[in-house]
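Undergrad: task: produce atomic coordinates for the following.
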Amino acid sequence: QLQLVESGGGLVQPGGFLRLSCAASGFTLDAYAIGWFRQAPGKEREGVSCISSSGDNTNYADSVKGRFTISRDNAKNTVYLQMNSLKYEDTAVYYCAAGPWSVRAACVIPKYWGQGTQVTVSS
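TA: The predicted model follows:
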């Protein structure tokens, strides 16, 4: 069974940091581009960051550039999202998705989704 599992979410104060992980089971991630998406209450899901299967290409939403870093360790079948200098507006459920890379969008075309992990930024 193909499955993506996110972890690493939690409660953090503004200015703090978290590292999210996206682990795959039932398939190997190295053939797939991976994207991180988030959805805040009452808002639509939005793209946060993407990384190609090789890791050579990455992309970030303007709202997280300079604060978030996406990376992958194909040997561990895991993709990470390092989130620094967190802000209140980063509060959301974060999802990872796997699929082919879109050159036009410079991001993944989601085919498989994880169940999400909650990130709450609060003092």
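Undergrad: could I get the CA-only coordinates of stretch 35-48 as CSV?
TA: Taking Å, rounded to 0.1, in the frame of the first residue of the first chain, the C-alpha atoms of stretch 35-48 are listed here in CSV:
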residue,chain,number,x,y,z
GLY,A,35,5.7,19.1,-2.5
TRP,A,36,4.7,20.6,0.8
PHE,A,37,1.3,22.2,1.0
ARG,A,38,-0.6,23.8,3.8
GLN,A,39,-4.2,24.6,4.7
ALA,A,40,-5.2,27.1,7.4
PRO,A,41,-8.7,27.1,8.8
GLY,A,42,-11.1,28.7,6.4
LYS,A,43,-8.5,29.0,3.6
GLU,A,44,-7.7,27.0,0.5
ARG,A,45,-4.7,24.7,0.4
GLU,A,46,-1.6,26.4,-0.9
GLY,A,47,1.7,25.3,-2.1
VAL,A,48,4.7,25.9,0.2
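Undergrad: distance of residue 7 relative to residue 66?
TA: Distance, residue 7 to residue 66, by Cβ to Cβ, to the nearest Å: 24 Å. The way it works is simple: take the backbone N, C-alpha and C, and place the C-beta from them, glycine included.
Undergrad: residue 90 too?
TA: From residue 90 to residue 66 the distance is 13 Å (Cβ to Cβ).
Undergrad: more neighbours, residue 7 and residue 66?
TA: residue 7 (13 against 9; other Cβ atoms under 10 Å).
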